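K.L.:
Based on what follows, work out the 3D shape:
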Amino acid sequence: MARQSGDLGTRKNFRVDLYKQGFLIPTPEAPWIECLIVDVSATGACLDVGALAVPDLFGLAFTAGGEVLRVCSLVWRRGELIGARFVTAKELRQGLVPTDVDTKVPAPAD
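P.N.:
As a prediction, the model looks like this:
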């Protein structure tokens, strides 16, 4: 069951914990690859993709039938987790160039 995270911390948007199966679409012609949608906000999502190599720009299907699709830009990677930002139609029309991916690993918690 989804729940809303109450503490924003340094985030600008509320995130909803989802822990639901999704599908990463590396290219329009490629087969869909199962992933776990950890959480989602109005502007992006956190995905568990395992060791899968993820392109800078990819599709994300929230349903197996593809009724809910978003184009995403890879923002960061920490182990098996990635952060994805939803790309707008305007950005796609203007030829979005993804920014460098943040691959820094966070410091271990005490």
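
K.L.:
How are the helices of this structure distributed by residue range?
P.N.:
Applying DSSP state H to the chain gives helices spanning 89-93.

K.L.:
Give the closest residue to the residue nearest the centre of it in space, chain neighbours not counted.
P.N.:
Geometric centre of the chain, nearest residue: A84, 3.1 Å, by C-alpha atoms, centre = their mean. Of all residues not flanking A84 in the chain, C72 sits nearest, at 3.9 Å (C-beta to C-beta, 6 or more residues apart in numbering). (Glycine included, C-beta is placed from N, CA and C.)

K.L.:
Just give me the neighbour total for that neighbour.
P.N.:
25 (other C-beta atoms under 10 Å).

K.L.:
and what of G22?
P.N.:
25.

K.L.:
what sits opposite it in the beta ladder?
P.N.:
C35 (DSSP bridges).

K.L.:
quick one, what contacts P26?
P.N.:
By C-beta atoms under 8 Å, 6 or more residues apart in numbering, the residues touching P26 are 33, 54-55, 58.

K.L.:
If we use 6 Å, what do you get?
P.N.:
Neighbouring residues of P26 by C-beta atoms under 6 Å, 6 or more residues apart in numbering: 55, 58.

K.L.:
what are the phi and psi values for it?
P.N.:
The phi/psi pair for P26 (degrees, to the nearest 10) reads phi -60, psi -40.

K.L.:
ok, now how distant is it from K90?
P.N.:
With distances taken as C-beta to C-beta, to the nearest Å, P26 is found 23 Å from K90.

K.L.:
again, but for E34
P.N.:
For E34, the distance to K90 equals 30 Å [C-beta to C-beta].

K.L.:
which of these two has more neighbours?
P.N.:
Legend: neighbour count by other C-beta under 10 Å for E34 and K90, higher for E34 (12 against 8).
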